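Visitor: My questions are about this predicted structure, shown below with the sequence.
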Amino acid sequence: MEEVKAVKEALITRAGRFMANGSETKYIHALGYEYQPQPKNESDWLPKLGQGKPKWSRSELDSFSDESRKILKSNKDLARQTLDPDNGSILILTPMKNSAGYIPKYFELIDSLEYPRDKLSLAFLVSDSTDDTQQLLIDIKKKYQELGPVEMQFKRFDIYRQDFFYSLPHNKRHLPGSQRDRRIVMARARNYLWTRALEDEQWVAWIDGDLESYPPTIMRDLMAYDKDIIVPNCMFPFENGNLKYRIYDFNAWQETPESLAMIEKLKDDDFLVEGYKSLKTHRKYLDKFGDDEKLVPLDGVGGTFALVKSHVHRSGVGFPTWIFQHQVETEGFAKLAKANGYGVFGLPHYNIYHVKN
């Protein structure tokens, strides 16, 4: 105790000497003592300490800048108004890892889109890749943005690199025990990408790098519903009698009374993952809706193809890297978006197709 007291006194003495020259504060407390500097040169219109809420006159409010007015509004309004979006513009975001073999098909599909090229921006995140993914993207960017005709140029074409030092053999990527860590890394990648790439685009399209096909009109088709978040139904080849395709993206689902009853029994940190016989969550996937159900509300979405209004991301809604309502990454994104008042929807009968892997 005597040593601690001596250290305190030495620090206080040293601080006193340090503050003595030209300062109105003659002392400073340390190591558990309270330091209370006096307010100095405060603007007249700011509330003084202990005087409660500020009382602004109409003239003072009128003098606020336009930007200050926006900040005083709700977060949702701010998200919609801070930037004037380029009307109809879309930012396509794709994280990639060892995707060299899928890149030719990826750009074949992008080229097939029936959408103005000058309204499309592309941004890629390459992470933990050991193949030629990064170099292929660099070469393709040069082809489109420098060597090709002007009508082939995208509004922007950005490539980012961020390694997370996470390695998982391809044949183990869908094992149940790998999902929590794998999906958290994917969430980190998505957050890294959108926070750096999003500028003035009105829409964000998350597109997987290994899709087999989607309609050339998909952007206009999904935009026509005017929803905050909307996803098609992603299928993949599956030969089983008369069945040629089956659902691929089990991350797009709707809660049911049975699933909600199951969730009530979970601990806060229990993590749910879809598509495994060992864990029945009782959720309703997009292939379980009737023919007359064209547009349905969802509680979870996948990232194979998701169209998002950019103000959703600008308001701070990203991909949870922690367990939020028992989910992370894209499903956690849907839960977080709904918690913030945004609408999440799916199209059970609008199909896109994933490669068979």
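Guide: That came through, no problem. Residues are numbered from 1 along each chain as shown.
Visitor: contacts and neighbour counts: CA atoms only from here.
Guide: Noted.
Visitor: so what's the residue lying closest to Asp132 once chain neighbours are set aside scoring on pLDDT?
Guide: Distances taken as CA to CA, 6 or more residues apart in numbering place Ala100 nearest to Asp132, at 5.7 Å, with adjacent residues excluded. What the model reports as pLDDT for Ala100 is 97.
Visitor: Quick one: the helices in the protein, in order.
Guide: 2-19, 58-62, 66-71, 75-81, 103-112, 133-142, 179-197, 218-223, 257-264, 310-314, 329-339 (DSSP state H).
Visitor: one step back: show the contacting residues for the residue nearest to Asp132.
Guide: Residues near Ala100 by CA atoms under 8 Å, 6 or more residues apart in numbering: Asp131, Asp132, Thr133, Leu136.
Visitor: Would you mind measuring from it to Arg190?
Guide: Look at Ala100 and Arg190: by CA to CA, to the nearest Å, they are 19 Å apart.
Visitor: likewise Leu211?
Guide: 18 Å.
Visitor: again, but for Ala123
Guide: 11 Å.
Visitor: Please apply the same query to Ala337.
Guide: Counting by CA to CA, the gap between Ala337 and Arg190 amounts to 15 Å.
Visitor: what does Asp269 give?
Guide: Taking CA to CA, one finds Asp269 at 22 Å from Arg190.
Visitor: higher neighbour count, those two?
Guide: Regarding Asp269 and Arg190, a neighbour count based on other CA atoms under 10 Å identifies Arg190 as having more, with 23 against 12.
Visitor: correct me, but that one touches Pro95?
Guide: Yes - look at Arg190 against Pro95 with CA atoms under 8 Å: they come within range, at 6.8 Å.
Visitor: Poorly predicted segments of the protein, please.
Guide: Applying pLDDT under 70 to the chain flags residues 1-84, 172, 174, 176-177, 240-243.
Visitor: how much space between the residue positioned nearest the centre of it and Lys335?
Guide: Here the mean C-alpha position of the chain is nearest to the C-alpha of Gly318 (CA atoms, centre = their mean), at a distance of 3.1 Å. Shown here: Gly318 relative to Lys335, a distance of 11 Å by CA to CA.
Visitor: Could you do Val328 as well?
Guide: Taking CA to CA as the criterion, Val328 is separated from Lys335 by 9 Å.
Visitor: what do you get for Glu114?
Guide: 31 Å.
Visitor: can you give me the strands for the stretch 151-300 of the chain?
Guide: Across the stretch 151-300 of the chain, reading from the start of the chain, the strands by DSSP state E, counting those that start in this stretch fall at 156-161, 201-207, 211-213, 229-240, 243-247, 253-254, 284-285, 296-297.
Visitor: and these as CSV, adding distance to Asp86 and mean neighbour count?
Guide: CSV is the format used below for the strands of the stretch 151-300 of the chain (distance: least, CA to CA, whole Å; neighbours: other CA atoms under 10 Å):
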stretch, distance to Asp86, mean neighbour count
strand 156-161, 13, 17
strand 201-207, 6, 23
strand 211-213, 27, 20
strand 229-240, 19, 21
strand 243-247, 35, 14
strand 253-254, 32, 22
strand 284-285, 34, 20
strand 296-297, 28, 14
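Visitor: of all those, which lies closest to Tyr106?
Guide: Ranking these by proximity to Tyr106 (CA to CA) places strand 211-213 first, at 7.0 Å.
Visitor: For that closest one, what is the distance to the chain centroid?
Guide: Between the mean C-alpha location of strand 211-213 and the chain-wide mean there is a distance of 23 Å, by CA atoms, centre = their mean, to the nearest Å.
Visitor: thinking again about what came up before, which residues are in contact with the residue nearest to the centre of the chain?
Guide: Asn191, Phe333, Leu336.
Visitor: Which of the residues you listed sits closest to Phe165?
Guide: Looking at the contacts of Gly318 and their distance to Phe165, the nearest is Asn191, at 16.3 Å (CA to CA).
Visitor: circling back to that earlier point, please convert the strands of the stretch 151-300 of the chain to TSV, extending it with distance to Gln145.
Guide: As requested, the strands of the stretch 151-300 of the chain are arranged in TSV below (distance: least, CA to CA, whole Å):
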stretch	distance to Gln145
strand 156-161	8
strand 201-207	19
strand 211-213	24
strand 229-240	29
strand 243-247	36
strand 253-254	39
strand 284-285	40
strand 296-297	39
